[in-house]
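In: sequence unknown, structure follows:
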């Protein structure tokens with residue numbers, strides 16, 4: 001399993017658009033219903049810092065996310081002018097979970 005967390009801060013005026021773009025990605029992922037991807041995005045109390053956590057069974061599962069048109073749009077628009085601070089990516093090791101995250 002591969003776990004990736006990305007944290008970044010948007011410009012205040014871009015927060016709403018970023019949320020809409022994330023919702024588009026989530027809609028596509030829900031329709032896809034791929035068992036090797038569990039993707040979550042949260043917004044901090046400052047209303048502009050986003051934390052994305054993705055769980056993948058394999059690198060191929062991560063490619064599926066990266067190749068989604070809605071995910072590419074989300075990334076392109078964010079990079080084009082929505083960032084206040086750049087994304088910080090961390091690879092994490094899952095220690096435990098209260099339920100199954102992704103399934104084979």
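Out: Sure, I can see it. Please read all numbers here as calculations on a predicted model, not as lab measurements.
In: all helices of the chain, in order?
Out: 15-32, 59-66, 69-77 (DSSP state H).
In: okay, those in CSV with mean neighbour count, mean pLDDT and distance to residue 40 next?
Out: To be clear about C-beta, it is placed using only N, CA and C from the backbone, and glycine gets the same treatment. Output for the helices of the chain, formatted as CSV (neighbours: other Cβ atoms under 10 Å; pLDDT from 0 to 100; distance: least, Cβ to Cβ, whole Å):
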stretch, mean neighbour count, mean pLDDT, distance to residue 40
helix 15-32, 15, 98, 9
helix 59-66, 14, 97, 12
helix 69-77, 15, 97, 14
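In: nearest to residue 90, out of those helices?
Out: helix 59-66 (14.4 Å; Cβ to Cβ).
In: for the spatially most central residue of the chain, list the residues it contacts.
Out: Nearest to the geometric centre of the chain sits residue 52, at 4.1 Å (Cα atoms, centre = their mean). Counting by Cβ atoms under 8 Å, 6 or more residues apart in numbering, residue 52 touches 4-7, 39-42.
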